[in-house]
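Peer 1: Take this sequence and fold it.
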Amino acid sequence: MEYANPWQRIMRWVTTTNHKDIGTLYLMLSLVMLFIGGGMALIIRGELFMPGQQFIDPSFYNQMITLHGLIMVFGVIMPAFVGLANWQIPMMIGAPDMALPRMNNWSFWILPFAFTILISTLFMNGPAPNFGWTFYAPLSTTYGPPSTDFFIFAVHLMGLSSIMGAINIIATILNLRAPGMRMMKLPIFVWSWLITAFLLIAVMPVLAGAVTMMLTDRHFGTSFFNAAGGGDPLLFQHIFWFFGHPEVYIMILPAFGVVSQIIPTFSRKKLFGYGSMVAAIAVIAFLSFLVWAHHMFVSGISLGAELFFMYSTMLIAVPTGVKVFNWVTTMFRGSLSFETPMLFAVGFVVLFTIGGLSGLMLSIVPADFQYHDTYFVVAHFHYVLVPGALFGILAGVYFWIPKWTGHMYNEAMGKWHFWLSVIGVNVTFFPMHFLGLAGMPRRVPDYALQFTDFNMVATVGAVIFGFSQLLFLVNIIKTIRGGKPATDEVWEGAEGLEWTIPSPAPYHTFQTPPEVR
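Peer 2: Residues are numbered from 1 along each chain as shown. Modelled structure (predicted):
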């Protein structure tokens, strides 16, 4: 389409209600935030390359820790999965668009303003938020810098966006499926997002409540988290982790869905155990509400509570193990080919399993007393979220971008991106297990000499991983601008391949056609 002037081109993106455009905007925002949040991670790792102060002071180090965590969770992983959902769900279920297109537009455009507000705290008088991405009280209430109020407003905006996006996804899946598409015929990606959307609606108001109580403690004389006024700082941890642990599954369940689409395609087999995969996602989502206090074993909770949360955390390993078993069984004796999406999917399965096993170690109460607040925890959750959630996003983008653009990505560049990413991730985070077991505390910019070697190795790995993402950026730009026309040659004969199968023709009257009645 030709535009008379640049203003029309801009307004076409600002006012769009097309699900594909909005999906693209989400993915572009996520890519920008990936490089901002990743740059902060490289600053952190650069400071930790050697003991002693290198080039940033401890206060700025803590600001980087805080903003890196918030940006990667709320600015990279979540918007990217919402972008994939916007692109794929209507096409997978035969819908003409999302059910609430104008709200879809609004839920996206809130986010750039939220992250502008959050990042702007770096340029205000006084420090940016410096209390860690979990913003525990009283560090964030009694002792939080003035910029904390902007952080609270930004978190409210992010939560509002997530709730609107979740409502839209639920309404779309439940109401706009093509005639004859029953729930148990939905692709696993659609199922994973339906369950994730219910999780979002359940827990985002809890986060909103936590930051609202922070605000009133700071400015309106309440004492929710202030022990001097009769409050309890531990209350904040309970509220935060009641949101925070389901949030971890909000970031990983859509990745399960993506991988469950890719592995059958490149194995040339149907997904093994479709019903058990759907059930496993639902059970994981349910159990995620029962495990929050495993983050609080060292906080003085009762022995009975410790036992309950230890066993419920171990129980989540069962449905997660079912999913890993089904993925491996799908690949077993399949006609495998290892194009870039499959490489990222297999890397996801292997490395996410490592993160899950270290999580099982952390669930054991007496062991957690030793691991807690050490780099072992950092290694664990980065193994879950980087080769887990982030690899799931990268796999999905490589898998579906031929459909989105009509062009094939550069396969050689994609494989270089994968292998450098896998090497970088493991070189960065695997040594952190040993640092944690040896007792190195997290969130500290200086450390004892005996931790130097592993920190040097981790920093080298972070540089490899960080700069390898430039290959992804170049590949995506080249694919969008042109390239080999996309064909179904690579995936020929694969069952259930979405991007080579046109969506069922939608009935725009939304009435049941006569032949189905």
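
Peer 1: CA only for contacts and neighbour counts going forward, please
Peer 2: OK.

Peer 1: Could you say which helix or strand holds A210?
Peer 2: According to DSSP states H and E, A210 maps onto helix 188-219.

Peer 1: how about that helix: buried residues?
Peer 2: 188-201, 203-208, 210-211, 213-215, 217-218 (16 or more other CA atoms under 10 Å).

Peer 1: do the same with stretch 269-285
Peer 2: Here stretch 269-285 shows 269-274, 277-285 as buried, counting by 16+ other CA under 10 Å.

Peer 1: For the closest residue to G83 other than its chain neighbours, give me its contacts.
Peer 2: In this structure, G83 finds its nearest non-sequential neighbour in G23, 4.0 Å apart by CA to CA, 6 or more residues apart in numbering. Neighbouring residues of G23 by CA atoms under 8 Å, 6 or more residues apart in numbering: V82, G83, L84, A85, N86, W87.

Peer 1: Give me the longest helix you can find in this structure.
Peer 2: Ranked by residue count, the top helix of the chain under DSSP state H comes out as helix 233-267.

Peer 1: So for that helix, mean pLDDT?
Peer 2: Mean pLDDT, computed over helix 233-267, is 96.

Peer 1: Off-centre distance for it?
Peer 2: Distance of helix 233-267 from its chain centroid, counting by CA atoms, centre = their mean, to the nearest Å, is 7 Å.

Peer 1: Between helix 188-219 and the following helix or strand past it, find me the angle.
Peer 2: Heading C-terminal from helix 233-267, the first helix or strand you meet, by DSSP H and E, is helix 274-287. Between helix 274-287 and helix 188-219, the angle comes out at 10 degrees (axes from the mean of the first three to the mean of the last three CA atoms, to 10 degrees).

Peer 1: what helices or strands is whichever helix or strand comes after helix 274-287 leaning on?
Peer 2: Using DSSP H and E, the helix or strand that directly follows helix 274-287 along the chain is helix 303-331. Helices and strands touching helix 303-331, by 3 or more CA pairs under 8 Å, 6 or more residues apart in numbering; DSSP states H and E, are helix 233-267, helix 274-287, helix 340-362, helix 365-371.

Peer 1: would you list these in TSV and tack on distance to S140?
Peer 2: Formatted as TSV, the helices and strands packed on helix 303-331 follow (distance: least, CA to CA, whole Å):
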stretch	distance to S140
helix 233-267	10
helix 274-287	29
helix 340-362	26
helix 365-371	24
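
Peer 1: sorry, back to before: can you give me phi and psi for the residue nearest to G83?
Peer 2: Dihedral angles of G23 (phi, psi; degrees, to the nearest 10) stand at phi -60, psi -40.

Peer 1: Okay, it and V278: tell me how far apart.
Peer 2: Distance, G23 to V278, using CA to CA, to the nearest Å: 24 Å.

Peer 1: Over to Q53?
Peer 2: As for Q53, its distance to V278 is 50 Å (criterion: CA to CA).

Peer 1: Ok, I393 next?
Peer 2: I393 is 20 Å from V278, where distance means CA to CA.

Peer 1: same thing with S120?
Peer 2: 42 Å.

Peer 1: and what of V73?
Peer 2: Applying CA to CA, the value for V73 to V278 is 25 Å.

Peer 1: likewise V349?
Peer 2: 17 Å.

Peer 1: Nearest to V298 among the contacts of G23?
Peer 2: The closest of those to V298 turns out to be V82 (CA to CA; 35.1 Å).

Peer 1: before we move on, the earlier item: now do the longest helix of the chain against helix 340-362: the angle between them, please.
Peer 2: Going by the same axes, to 10 degrees, helix 233-267 makes 140 degrees with helix 340-362.

Peer 1: Now helix 233-267: buried residues?
Peer 2: Buried residues in helix 233-267, counted by 16+ other CA under 10 Å: 233-234, 236-267.

Peer 1: so that helix versus helix 303-331, what angle?
Peer 2: 10 degrees.

Peer 1: Show me what the least confident helix or strand in the chain by mean pLDDT is packed up against.
Peer 2: In the chain, no helix or strand scores lower on mean pLDDT, DSSP states H and E than helix 6-14, which sits at a mean of 88. For helix 6-14, there is no helix or strand it packs on, judged by 3+ CA pairs under 8 Å, 6+ apart.

Peer 1: Using PDB, write out the CA atom coordinates for it.
Peer 2: Extracted C-alpha coordinates of helix 6-14, given in PDB (Å, rounded to 0.1, in the frame of the first residue of the first chain):
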ATOM      1  CA  PRO A   6       5.000   9.500   6.400                       C
ATOM      2  CA  TRP A   7       2.400  10.600   8.900                       C
ATOM      3  CA  GLN A   8      -0.100   8.200   7.300                       C
ATOM      4  CA  ARG A   9       2.400   5.400   7.500                       C
ATOM      5  CA  ILE A  10       2.900   6.100  11.200                       C
ATOM      6  CA  MET A  11      -0.900   6.300  12.000                       C
ATOM      7  CA  ARG A  12      -1.500   3.100  10.100                       C
ATOM      8  CA  TRP A  13       0.600   1.300  12.800                       C
ATOM      9  CA  VAL A  14      -0.700   3.400  15.700                       C
END
